[in-house]
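**Student:** Compute the structure for the input listed below.
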Amino acid sequence: MHFTCSLILEQGIRWCELLPVRAVQGGAALPGVRLSWSGTMTAVETQITYTNSYTIQHEDTYMTQEEDWDRDLLLDPAWEKQQRKTFTAWCNSHLRKAGTQIENIEEDFRNGLKLMLLLEVISGERLPKPDKGKMRFHKIANVNKALDFICSKGVKLVSIGAEEIVDGNVKMTLGMIWTIILRFAIQDISVEETSAKEGLLLWCQRKTAPYRNVNVQNFHISWKDGLALCALIHRHRPDLIDYSKLRKDDPIGNLNTAFEVAEKYLDIPKMLDAEDIVNTPKPDEKAIMTYVSCFYHAFAGAEQAETAANRICKVLAVNQENEKLMEEYEKLASELLEWIRRTIPWLENRVAEQTMRAMQQKLEDFRDYRRVHKPPRVQEKCQLEINFNTLQTKLRLSNRPAFMPSEGKMVSDIANAWKGLEQVEKGYEEWLLTEIRRLERLDHLAEKFKQKCAMHEAWTAGKEDLLSQKDYESASLMEIRALMRKHEAFESDLAAHQDRVEQIAAIAQELNELDYHDAATVNTRCQGICDQWDNLGTLTQKRRDSLERVEKLWETIDQLYLEFAKRAAPFNNWMDGAMEDLQDMFIVHSIEEIQSLITAHDQFKATLPEADKERMATLGIHNEILKIAQTYGIKLSGINPYTNLSLQDISTKWDTVKHFVPLRDQMLQEEVARQQANERLRRQFAAQANIIGPWIQTKMEEISHVSVDIAGSLEEQMNSLKQYEQNIINYKSNIDKLEGDHQLIQESLIFDNKHTNYTMEHIRVGWEQLLTTIARTINEVENQILTRDAKGISQEQLNEFRASFNHFDRKRNGMMDPDDFRACLISMGYDLGEVEFARIMTLVDPNNTGVVTFQAFIDFMTRETAETDTAEQVMASFKILASDKNYITVEELRRELPPEQAEYCITRMTRYAGPDSPPGALDYISFSSALYGESDL
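**Tutor:** Prediction:
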């Protein structure tokens, strides 16, 4: 007899042990008996052939672990008992839904009626109407209808005919029931892309992993002590079993506890006997799988809800974090803009103070602003840009729309406001220095004005009374002549003082033009001097007219007195001018200027011998008068009728001039020392500035090279940039020292420096740009790392992107123009038309700057090579939580989600407006769409 039976399942799991063994005598089967079951999914067939010797061939991993000990088990009837009980209980768990059950599995299915009913219950479909007759052919027809239905579900049955089922063949019947269990209870189990048996085993391992004394490796001996079943129940329903009280040495108690709890609370019928499992060396695998699959289906709903809840929590957590970053950006931007708004009016205040002390205090306040108040704001501005870039990267990685700050709070708005602040700041500093120079000039002019006015007023004192005298009416001829000569000398003196009056008027005019604070007093005094000068001219002319009228009456004059007066008066004026020059105040700003004054002073000293000769000549005239008087016995009155100057006056003034000369020398030498000190300050500042300026430029170039260098990983680039950042921080002391030297220069009122082209403003701007550049570059690399990790981009891909970018960055400035960018994309395999390229340009250059930065290029390439969550996935997750409804209730959200995420959804979801919705129903569809679109979330 030769008999072959094959059971081929598309699921890849075979019921292999149910082999009809006929008479076996002495280890040999009847001649020609051959049985086999094959599985089509694994394309591996297990064959058992009985010929003259007992041979079993295993090609499938499903049987390779059982070896010879398993082949002995095939002859043990214990497996048949376990399967019969388990399969019967499983069938009754479904048949009772139709109000019936079976008692004997091989007998109650013989007529095919309950078999068809079982298939209708577990599939939810209607089978053809059964034949109601009781004849054998009626039963065969009904069983064939059931078998045809099984085949229609993708299960290929070979050599299992309706006759074996009708005849009550127990092994064929059990094999058929196992096929049904596989198709309708186990096939759809899937865990991490595994299916059927492997998926169910992986699910059991995952759920029982945290429990002590549980190690699920198969579906037979791993379940003998009952702890695995108790662990499955406790994992999902910890309220039903106290796992800590279970003992490994009480397998029967553990199994019965699991069976009773499952039947009472989980609606899973008892399909196994604890004693059969414990006392069997290897429990039947199919019976265990059938029973465990009931637990999987009982807890599958909870698993699905947990997965959906986790997805929603993840999406909501991302959204909450992004909203927090947006709020922090808005707050920081508002504070920075408010500070700029308050600071600009202070810097725009150009109300000048009237004293040098007050203006110097303003300058000190401005330095305090530069040193103390502005640096923290520079850090805030840099941090604001970093936060904005990080937020946009996170939004892009989570497939969220880009963040648009409130109106007026864009990064460009803040940059424009900052630029305006720096422009006003620069203008304010220039105004301060200009005002200080003006006040210094004003103080000098005012003092000079007072000095010249005092000398002029001293000279004019009494002159009006003198000119108004009429002493010539009673004078003698000699006296008249003397008065005439005296008056001529006065006129000469008056003409000599004309230059001083013009100088006083010129100084007063300059003080008015420079807006001197006490200009009214200056104008009053100057006007008084001018009026007095005009009056002196009028009186002088009147007196001359009077003297000329009577001059014809007087002819004798004393030539010697006249000569003395004529020589003494100019010499006296020269001494007055010399004393004025020697006491003249001066202001210089360089060594060259003070050397010019020294040269002029030396030239003055060279004229002293000639002046001394003039003095001696004047003294000789006086001596000649005395000699003539003494010779001719003339009694002199002691008064020169032609001048008020005496020999004593000239001698006294000459001594005064000689006294002022060394004092002037001392003042000039002190000024030389001061200018030399200023020159040292200039050279000291220039020496540092000429080092720091190129150092900053070099660091800027090195950082630029590091940011586009393809050698090494992003982490290595980050470490390199961190080292640059630390070096820059350590270099800050040099900037502070330079600031100290700059303060000394300003305090010394030094306004130019020919030894360097770098000003402190240049150094400050360069330093701030260096700090901003290193911070921005580090942030860009951090964003690239974040993009790589979030999108799963490998280091090799990033290096390839960077190499492509560097190749087409022809200007080596970290940017590509559109033509280079198009060539780069074509080299990487993109087929670009004009429309497609225009679309890509809107992504990488949204502001139409005409260039593509490295960060924008990396962002575009990562979007092309990675996937993210979508609104449809979130909607599907909410639909699971809502039990397939188009709305969700507050109770469902609070039950399925953590409290924080649940309240977040409740406060943001709109009311559901669909038909037949209960009060308080929420619209999760519009909420999910809003998470990935333009919204206020």
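**Student:** Now for the residue positioned nearest the centre of the chain: which residues touch it?
**Tutor:** Geometric centre of the chain, nearest residue: I386, 0.8 Å, by C-alpha atoms, centre = their mean. Going by C-beta atoms under 8 Å, 6 or more residues apart in numbering, I386 touches 775-776, 779. C-beta coordinates here come from the backbone N, C-alpha and C atoms, glycine included.
**Student:** now with 10 Å?
**Tutor:** Counting by C-beta atoms under 10 Å, 6 or more residues apart in numbering, I386 touches 772, 775-776, 778-780, 782-783.
**Student:** I177 is in contact with A89, correct?
**Tutor:** No. Look at A89 against I177 with C-beta atoms under 10 Å: they stay out of range, at 11.3 Å.
**Student:** More neighbours: which of those two?
**Tutor:** Each of A89 and I177 has its neighbours counted (other C-beta atoms under 10 Å); I177 has more, 26 against 21.
**Student:** Wait, a strand at L157?
**Tutor:** Yes. When DSSP: H, G, I helix; E, B strand; the rest coil is applied, L157 is found to be in a strand.
**Student:** pLDDT at S646, what is it?
**Tutor:** S646 carries a pLDDT value of 83.
**Student:** How about it, nearest residue that isn't a chain neighbour?
**Tutor:** Using C-beta to C-beta, 6 or more residues apart in numbering and skipping residues adjacent in sequence, the residue nearest S646 is N640, 7.4 Å away.
**Student:** do the same with K362
**Tutor:** Of all residues not flanking K362 in the chain, L432 sits nearest, at 6.0 Å (C-beta to C-beta, 6+ apart).
**Student:** Surely the one you found is in a helix?
**Tutor:** Yes. Applying three-state DSSP, one finds L432 inside a helix.
**Student:** Let me see the contact set for it.
**Tutor:** L432 sits next to 350, 352, 359-360, 362-363, 365-367, 746 when contact means C-beta under 10 Å, 6+ apart.
**Student:** how near is it to S720?
**Tutor:** The gap separating L432 from S720 is 42 Å, by C-beta to C-beta, to the nearest Å.
**Student:** Now stretch 445-459: buried residues?
**Tutor:** For stretch 445-459, burial by neighbour count (16 or more other C-beta atoms under 10 Å) applies to 445-446, 448-449, 452-453, 455-456.
**Student:** meant to ask about stretch 594-602
**Tutor:** Buried positions in stretch 594-602, judged by neighbour count with 16+ other C-beta under 10 Å: 594, 597-598, 601.
**Student:** List just the nearest of those residues to R911.
**Tutor:** Using C-beta to C-beta, I594 comes nearest to R911 of the buried residues of stretch 594-602, at 87.8 Å.
**Student:** Read off the pLDDT value for that closest one.
**Tutor:** 78.
**Student:** from memory it sits against E679, does it?
**Tutor:** No. Taking C-beta under 10 Å as the definition, I594 is not a contact partner of E679, at 11.0 Å.
**Student:** Name all residues that make contact with K627.
**Tutor:** 560, 620.
**Student:** hang on, it in a helix?
**Tutor:** Yes. Judged by three-state DSSP, K627 forms part of a helix.
**Student:** related to what we said a few turns ago, want to throw the buried residues of stretch 445-459 into a markdown table with secondary structure and distance to A902?
**Tutor:** Shown next, in a markdown table, are the buried residues of stretch 445-459 (DSSP: H, G, I helix; E, B strand; the rest coil; distance: C-beta to C-beta, whole Å):
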| residue | secondary structure | distance to A902 |
| --- | --- | --- |
| L445 | helix | 81 |
| A446 | helix | 80 |
| K448 | helix | 85 |
| F449 | helix | 85 |
| K452 | helix | 91 |
| C453 | helix | 90 |
| M455 | helix | 95 |
| H456 | helix | 95 |
